[in-house]
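For reference, the sequence and a predicted model appear below.
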Amino acid sequence: MRIPVLVEPDYRNSLWARQTLEGIAREAARKKYELVLLDAAQEEQIDWDGLFDRERRLVMLMGTSMSWVPAAQARLGALGISCVLISVNPSQGAPAEGTVSMNHAEATRTLLKYLQDCGRGKTAFFALNPNSAADLTKQETFAAWSRCFPAASEPNVFWNRGSLTECYTDFAPHIRRFDSVICANDIAAAALLKQLKKDGVAVPEDLYLLSYGDSSLARAVHPAITSASLNHDELGRRAVSLYAFLARQEPTASVAVQVHCRVAVRESTENRPLRHAGEGLSTPLREAVDFYGDSETLRLMALETLLDRCDPTDRQLFFGLLQGEKPEVLQQKLFLSSSALRHREKNLMLWAGCAAREEWQTFRAFCRTLPLTDE
């Protein structure tokens, strides 16, 4: 089997991309697959027909940019080529055959729960990249958590728009509002640690510092940084397995795989131990909303069930009853005996969840308020 891999040019030289490609190469070699690394800068010159020969037109597409990845998907799609996305989830407008990504939402929840257990609930998010799918996932998870555990009404996310120095300039006036900060990655965390030391902010005494990556850099600085591990080697190996599976299937469904993250606790959070997942979690992350407790929702669901079970005669009977037609008129119109009409109406009541005539009348009155059409 031949596995073509197309990597976002700006992402290709990053540590994370190299680790993922190494994982892909090792797994492909172990399974005796042929790995073909494509040059995205020379994409127009690729002989796609010769590349695939008789195999499925399927490519591994690796990147993190929400501008480059969908555009590359669109170009490949125009050539009849499907994608297995690595490191990024598909956009709504560009679905993928398969995806392999880090579970950044899980990692973010774990870091936030850890800080809560440590009594550090006033948390800032530093150096998120607005063009990174992973960072947007972190931000969305953080926003959901903040709604349940609000720390401050002022902004608590500080974006990196191409300059860590400028990002720190935005963050610096607000530092004293926080007791903890999560950085988008270990590189941003190391840069922040340098600036904090320069400005006399002590880590971990004044500010707990956490990040993502669990890289050598996170271990090398002082204090060493508590970091969520992102196992890109595992990401690459999983990508090969998923590609091999999809290459043998008909394109009737998409498959998503997420690699779990783990947290390495270090000096930047005073080496305080991490509880097991779920331990002591007394407050849910998401707001408790009982969608099915709303009376209007329940009636609409009952109507949906009723309409789904109706045959054409049941449907005509139901709409006739809504319009106030008399039973004898409906008998003639639908060629039903009185007993057959009563039987069908009882079925309608049953499907609507009405146990008595009064409930049935109330339900029909509700249905008359809706813009229903018998077509």
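Great, that's in hand. Remember, predicted model here, so these are calculated numbers, not experimental data.

Which parts of the stretch 251-375 of the chain are helices?
For the stretch 251-375 of the chain, applying DSSP state H, counting those that start in this stretch gives helices covering 295-309, 312-322, 327-334, 338-351, 357-368.

Then the stretch 101-250 of the chain?
Counting by DSSP H, counting those that start in this stretch, the helices of the stretch 101-250 of the chain are 104-117, 133-148, 164-171, 186-198, 216-220, 232-247.

could you dump those helices to a markdown table with mean neighbour count?
For the C-beta atoms, the positions are set from N, CA and C on the backbone; glycine is no exception. Listed next are the helices of the stretch 101-250 of the chain as a markdown table, based on neighbours: other C-beta atoms under 10 Å:
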| stretch | mean neighbour count |
| --- | --- |
| helix 104-117 | 21 |
| helix 133-148 | 18 |
| helix 164-171 | 17 |
| helix 186-198 | 19 |
| helix 216-220 | 16 |
| helix 232-247 | 21 |
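
Tell me which of the helices of the stretch 251-375 of the chain sits most buried.
helix 312-322 (a mean of 17; mean count of other C-beta atoms under 10 Å).

picking up where we left off before, let's have the helices of the stretch 251-375 of the chain in CSV, adding mean pLDDT.
Compiled in CSV, these are given as follows (pLDDT from 0 to 100):
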stretch, mean pLDDT
helix 295-309, 86
helix 312-322, 94
helix 327-334, 94
helix 338-351, 95
helix 357-368, 93
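
what's the closest of these to Y11?
Proximity to Y11 (C-beta to C-beta) singles out helix 295-309 among these, at 44.0 Å.

Using CSV, write down the CA coordinates of the closest one.
Only the C-alpha atoms of helix 295-309 are listed here, as CSV (Å, rounded to 0.1, in the frame of the first residue of the first chain):
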residue,chain,number,x,y,z
SER,A,295,-43.7,21.2,27.8
GLU,A,296,-43.5,22.7,24.2
THR,A,297,-40.5,20.5,23.4
LEU,A,298,-42.4,17.4,24.6
ARG,A,299,-45.5,18.2,22.5
LEU,A,300,-43.4,18.8,19.4
MET,A,301,-41.6,15.5,20.0
ALA,A,302,-45.0,13.8,20.4
LEU,A,303,-46.2,15.4,17.1
GLU,A,304,-43.0,14.2,15.4
THR,A,305,-43.6,10.7,16.6
LEU,A,306,-47.2,10.8,15.5
LEU,A,307,-46.4,12.1,12.0
ASP,A,308,-43.6,9.6,11.6
ARG,A,309,-46.0,6.7,12.2
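
what's the spacing between it and its chain's center?
Computed by C-alpha atoms, centre = their mean, to the nearest Å, the chain-centroid distance of helix 295-309 equals 30 Å.

Thanks a lot, catch you later.
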